[in-house]
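Trainee: could you look at this predicted model? Sequence included:
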Amino acid sequence: MAMACAWDGSDKVIFHGSDLERAELFDLAFDPGEAVNLAERRPETVARLREMILAWQAENARIRDRLGEATQTLDEATRERLRALG
């Protein structure tokens, strides 16, 4: 099962599943033990934090694409030397 998590101030959201639909939201300032799920009471906060995660995922995808392009320009000898570094 895929999970994603984000914090903004004292708000912490945990999404379960790759579609980011099932959410748990906690206000860590008042509930540091994460006992009270506020997701149904604060859907706007859940939506805002979902958008933050989606933007982060999109940026990481762009970076991975750019890195993939960069490694394709390396010759095989250079790739082998890099692999040897661990």
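Mentor: Alright, I've got the coordinates.
Trainee: tell me the SS of the residue of the chain most remote from its centre?
Mentor: Distance from the C-alpha centroid of the chain peaks at Ala77, with 34.6 Å (CA atoms, centre = their mean). What DSSP: H, G, I helix; E, B strand; the rest coil gives for Ala77 is helix.
Trainee: cool, Leu54 as well?
Mentor: The local conformation at Leu54, judged by three-state DSSP, is helix.
Trainee: cool, Glu44 as well?
Mentor: Criterion first, three-state DSSP; result for Glu44: helix.
Trainee: could I get the contacting residues of Ala47?
Mentor: The contact partners of Ala47, by CB atoms under 8 Å, 6 or more residues apart in numbering, come to none. For every residue, glycine as well, the C-beta is placed using N, CA and C.
Trainee: would you mind measuring from it to Ala4?
Mentor: 14 Å (CB to CB, to the nearest Å).
Trainee: also Ala61?
Mentor: For Ala61 relative to Ala4 (CB to CB), the value is 14 Å.
Trainee: neighbour count winner among these two?
Mentor: With neighbours defined as other CB atoms under 10 Å, Ala61 and Ala4 compare such that Ala4 has more, 18 against 10.
Trainee: wait, doesn't that one sit right on Leu54?
Mentor: No. Ala4 is beyond contact range of Leu54, at 9.2 Å (criterion: CB atoms under 8 Å).
Trainee: overlap of the contact sets of those two?
Mentor: By CB under 8 Å, 6+ apart, the residues touching both Ala4 and Leu54 are Leu20.
Trainee: which helices and strands sit right next to the helix or strand hosting Ala6?
Mentor: Following DSSP states H and E, the helix or strand that holds Ala6 is strand 3-8. Strand 3-8 sits against strand 11-16, helix 43-72, with contacts defined as 3 or more CB pairs under 8 Å, 6 or more residues apart in numbering; DSSP states H and E.
Trainee: now do it: everything it contacts.
Mentor: Taking CB under 8 Å, 6+ apart as the rule, strand 3-8 contacts 12-16, 20, 28, 48-49, 52-53, 56-57.
Trainee: one more pass at 7 Å, please.
Mentor: By CB atoms under 7 Å, 6 or more residues apart in numbering, the list of residues contacting strand 3-8 from outside reads Lys12, Val13, Ile14, Phe15, His16, Leu20, Leu49, Met52, Ile53.
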